[in-house]
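S.K.: can you look at this prediction? I've put the sequence above it.
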Amino acid sequence: MRRYIARQLVQLVVVVFGISLLAFAILHVLGDPVLLLLPQNAGKEEFERYRHLLGLDRPMYVQYWKFVSRAVLGDFGKSWYADTPAFRLVIERMPPTIYLTLAGLVVALVIALPLGTIAALRRHTWVDSLCTVVAVAGQAAPIFWLGIMLIIVFSVRLRLLPASGYGTWQNFLMPAFCLGAALAPITMRLVRSGVIEVMNMEFIKTARAKGLAEGRVVVKHAFRNACIPVITVLGLQFGQLLGGAIITETVFAWPGVATLTVESIRNQDFPVVQCAVVLLALLIVGVNLLVDLVVGFIDPRIRAA
Amino acid sequence: MSAPTRIEVAEVVAARPGPDAARQVTWRRLARLRWGVGAAGVLLLIIVTTAFAPLISPYDPLAVDIRHRLSPPAWMEHGTVEHVLGTDQVGRDLLARMIYGGRVSLLVGVAAVVISATIGVLLGLGAGYFGGNTDWTIMTVINVMLTFPFVLLALAVIAVLGPSLINMIFVLGVAGWPIYARVIRAETLALREREFVLAGRALGMSHPRLVFRQILPNLVSTIVVIATLQVAQVIILESFLSFLGLGVQPPTPAWGNMLGEGRLYMLNSWWIATFPGLAIFLTTLVINLMGNALRDWLDPHLKE
């Protein structure tokens, strides 16, 4: 177990290094901060002066080192738009994003666990086919469109739910469903194939031979084992889930990091964009690591691999 | 074991695949894939419609008809047959805009997939074939890239480069390669040890020849399947970026920016946002169905 953790940690360091490099490169290699910062009609001397002022005429590795050594301390510079540190702006918006992501995860599991299990137990029947059809359709529906359709039906027509906003449980319903519906299809397929695989195992035959009731066999023996791959993949899918949350936020004007990021892109507020990208990526890396450790703890086979 | 009876022998003889039987088997497999074939038909229809947009479209997608602004679809009250799917806030025909809007989605989808497939396949082959440090480096880059949600990466890059069609193709193309690289690497690792590759190596074939002439041809079906499914993903992302106003810029019609503009009018005019979204949904649905069918047909072991 100790070696497993060590290996995961080494990988973590490499990935975090990569993230910092990528975040740095996006602004400094693809673009030119001065070009974005100054008005277009600024003179050549003006550009040079600012370049020197911001230290952009120094070699790349010096600039990168400056960026990283500050970022480690949570200093991503001040927002170019609001006179506040970028880090604080992003951190303030983090909780809504995390709540939405968790709510979406819960919805996805509530949909996917029972449907996936039923589809696996009734394999090759109409129930299974129906689940597959729903899953394929669900995968094709763009989240942002689904969100707008929900708003049109439940807010504009039926006037049941608020179209946007944050704070009450009603505000959570549509965004969480929207996000959950996007994640449910793939989760359902995982649960289905997991349960199918487990149902063919020897210990299921043993459980049946002992004379256990079928319900108990499914819930206690099959389902639990089928959960391991589901947890792993869901953990790895956390990035995708967060990506989905980004899309959902923009539809429902959810006051999370994603809305902030999109606003900042419109305002060309790069310190905030950079900080948001790095913090979200770190969040994903953290969750992935946690999942790896938990799964490694539950299932010794994975540790050895 | 007893000797085979005459009936069994007859069955074996009958089952021996002749040219007719082979054709029959192909047909039977196609029949089983009828969903995929149907989907391919619909997709073809969509492609033809958008390709011949100037001939098919009832109006110029940019033509403004201010008398009929926000007019609902023909079957609703106050709808006119002049504008079957209704009009938007300045009276542009929705059907015409949707037909033209498909061009953007399909173009971006295919172009971006070609870019990411090329990068991904090359790196995947390199990682799988050479192994060692090459493999480690490429896998690390893949891990970093996969950590970033695709959307976030695209947003960050667009923020710096500025929104345009070319930039969007570039971003989606460059951000999408890890999925190909990962699958191709795994397949290459397995193929590398197969007899025909070992034989080639023993014959003194060069690395490029082994990789591109011996290994790559075996991966074509895998690549086709992933690429097909990825086109759908890219179309969704493209529409999302355009929806946010970070992709194709108005007035050029794209399903995404139509949806984004329609959002502002959804209180009274639901159709402006609904139909473009339906177009995205239908297109990605048929592409996914076709991709799944292709996978079952070409490459059964890719099945999850």
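M.R.: On my side now, so go ahead.

S.K.: ok, now how distant is residue A:3 from residue A:10?
M.R.: Separation of residue A:3 from residue A:10 (C-beta to C-beta, to the nearest Å): 11 Å. Where C-beta positions appear, they are placed from N, C-alpha and C, glycine not excepted.

S.K.: residues near residue 33, how many?
M.R.: Because you didn't say which chain, this covers chain A. Residue A:33: 18 surrounding residues under other C-beta atoms under 10 Å in any protein chain shown.

S.K.: chain B, not that one
M.R.: Per other C-beta under 10 Å, the neighbour tally for residue B:33 reads 19.

S.K.: for the one 5 residues further on, same thing?
M.R.: Other residues within reach of residue B:38 by the criterion other C-beta under 10 Å amount to 14.

S.K.: show me the strands in chain A, by range?
M.R.: Taking DSSP state E as the criterion, chain A contains no strands.

S.K.: let me know the pLDDT of the residue nearest the centre of it.
M.R.: In chain A, the centroid-proximal residue (C-alpha atoms, centre = their mean) is residue A:242; its distance is 2.1 Å. Here, the pLDDT recorded for residue A:242 equals 85.

S.K.: hmm, the host helix or strand of residue B:222 touching chain A?
M.R.: Counting by DSSP states H and E, the secondary-structure element that holds residue B:222 is helix B:220-243. Yes - Helix B:220-243 is in contact with chain A by C-beta under 8 Å from any C-beta of the partner chain, via B:232, B:236, B:239, B:240, B:243.

S.K.: which of these has the largest number of neighbours?
M.R.: residue B:239 (33 neighbours).

S.K.: with adjacent residues omitted, what lies nearest to it?
M.R.: residue B:256 (3.3 Å; C-beta to C-beta, 6 or more residues apart in numbering or on different chains).

S.K.: what number of residues lie near the closest residue to residue A:123 other than its chain neighbours?
M.R.: Using C-beta to C-beta, 6+ apart and skipping the chain neighbours, the partner closest in space to residue A:123 is residue A:196 (6.5 Å). As a burial measure, residue A:196 scores 16 neighbours (other C-beta under 10 Å).

S.K.: and the stretch 51-200 of chain B, which of its residues are near chain A?
M.R.: Residues of the stretch 51-200 of chain B lying near chain A by C-beta under 8 Å from any C-beta: B:140-141, B:143-144, B:146-153, B:155-161.

S.K.: just the ones of these in helices?
M.R.: Those of these mapping onto helices are B:140-141, B:143-144, B:146-147, B:150-153, B:155-161, per DSSP state H.

S.K.: show the pLDDT at the residue lying farthest from the centre of chain A.
M.R.: Residue farthest from the centre of chain A, counting by C-alpha atoms, centre = their mean, is residue A:45 at 43.8 Å. You'll see residue A:45 listed with a pLDDT of 81.

S.K.: residue of the stretch 201-305 of chain A nearest chain B, please.
M.R.: In the stretch 201-305 of chain A, the residue that lies nearest chain B is residue A:243 (3.0 Å; C-beta to the nearest C-beta).

S.K.: residues contacting that residue?
M.R.: Shown in contact with residue A:243 (C-beta atoms under 8 Å, 6 or more residues apart in numbering or on different chains): B:149, B:150, B:151, B:152.

S.K.: try it again with 6 Å
M.R.: Contact analysis of residue A:243 by C-beta atoms under 6 Å, 6 or more residues apart in numbering or on different chains lists B:149, B:151.

S.K.: ditto for the one 3 residues further on
M.R.: Contact analysis of residue A:246 by C-beta under 6 Å, 6+ apart lists A:258, B:151.

S.K.: my guess is residue A:276 contacts residue A:92. True?
M.R.: No - contact criterion C-beta atoms under 6 Å: residue A:276 and residue A:92 do not qualify, at 11.5 Å.

S.K.: for residue A:270, the count of nearby residues, please.
M.R.: Number of residues near residue A:270 (other C-beta under 10 Å) recorded here: 25.

S.K.: in space, what's closest to it - neighbours in sequence excluded?
M.R.: Closest to residue A:270 by C-beta to C-beta, 6+ apart is residue A:27, at 5.6 Å.

S.K.: quick one: the one you found from residue B:47, how far?
M.R.: From residue A:27 over to residue B:47 the distance is 38 Å, taken as C-beta to C-beta.

S.K.: residue B:164 now?
M.R.: Residue B:164 is 24 Å from residue B:47, where distance means C-beta to C-beta.

S.K.: coming back round to it: of residue A:276 and residue A:92, give the one with the bigger neighbour count.
M.R.: residue A:276 (30 against 13).

S.K.: ok, now which ones touch that one?
M.R.: Contact criterion C-beta under 6 Å, 6+ apart gives A:90, A:257, A:261 as the residues in contact with residue A:276.

S.K.: show me the shaky parts of the stretch 201-305 of chain A.
M.R.: A:236, A:299-305 (pLDDT under 70).

S.K.: quick one: name the residues of it near chain B.
M.R.: Contact residues (C-beta under 6 Å from any C-beta of the partner chain) of the stretch 201-305 of chain A with chain B: A:239, A:242, A:243, A:246, A:247, A:262, A:265, A:273, A:277, A:281, A:284, A:285.

S.K.: now these in TSV, with distance to residue B:83?
M.R.: Below are those laid out as TSV (distance: C-beta to C-beta, whole Å):
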residue	distance to residue B:83
A:239	42
A:242	40
A:243	36
A:246	35
A:247	30
A:262	32
A:265	35
A:273	40
A:277	43
A:281	46
A:284	46
A:285	51
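
S.K.: which of those residues fall in helices?
M.R.: Counting by DSSP H, the part of those found in helices is A:239, A:242, A:243, A:246, A:247, A:262, A:265, A:273, A:277, A:281, A:284, A:285.
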